[in-house]
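Asker: attaching a predicted model along with its sequence, questions to come.
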Amino acid sequence: MEQPNATQSPEKRKHRKRFVGKVSSDKMDKTITVIVERLVRHPVYEKFVRRRTRMHAHDPNNDARLGDTVEIEASRPLSKLKRFRLRKIIQRALVD
């Protein structure tokens, strides 16, 4: 049986949670704040309600900009609030 190796490439890692959201802040160095929206059914009225979650993600190259749509994935705790890392930028924000 093969033992897990700490130096494995990202493709060989176990499945990690991934989320898609919009960058709401890029003011910090190597950190972005991402807002992830989801639809939740209201328990009484059975209407779908939009819920938002703010997550801090590690962006080592400071690539992401305000308004970009990005994909983030769970990682080990990197700081007090950072629990995710930037996986890829899906769509750039329109710059006017």
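Answerer: In hand now; what should we look at?
Asker: who's Glu37 bridged to?
Answerer: Beta bridges link Glu37 to Arg52, judged by DSSP bridges.
Asker: should've said His56
Answerer: On the basis of DSSP bridges, His56 is bridged to Thr33, Lys82.
Asker: need the strands for this structure, in chain order.
Answerer: 18-25, 31-41, 48-58, 69-74, 82-91 (DSSP state E).
Asker: which of the ones you listed is buried the deepest?
Answerer: Comparing the strands of the chain by mean neighbour count (mean count of other Cβ atoms under 10 Å), strand 69-74 ranks first with a mean of 19. C-beta here means a position set from N, CA and C on the backbone, and glycine is covered the same way.
Asker: give the other helices and strands that that strand contacts.
Answerer: Under the contact criterion of 3 or more Cβ pairs under 8 Å, 6 or more residues apart in numbering; DSSP states H and E, strand 69-74 touches strand 18-25, strand 31-41, strand 48-58, strand 82-91.
Asker: return the distance of the last one from the chain's centre.
Answerer: Shown here is strand 82-91, whose average C-alpha point lies 5 Å from the average C-alpha point of the whole chain (Cα atoms, centre = their mean, to the nearest Å).
Asker: and what of the shortest one?
Answerer: Between the mean C-alpha location of strand 18-25 and the chain-wide mean there is a distance of 5 Å, by Cα atoms, centre = their mean.
Asker: next: stretch 36-45.
Answerer: 20 Å.
Asker: could you measure from the residue most central in space within the chain over to Asp59?
Answerer: For the chain, Ile72 is the residue whose C-alpha lies nearest the centre (Cα atoms, centre = their mean; 2.8 Å). Distance of Ile72 to Asp59, given as Cβ to Cβ, to the nearest Å: 9 Å.
Asker: list residues touching both of those two?
Answerer: Arg85, Leu86 (Cβ atoms under 8 Å, 6 or more residues apart in numbering).
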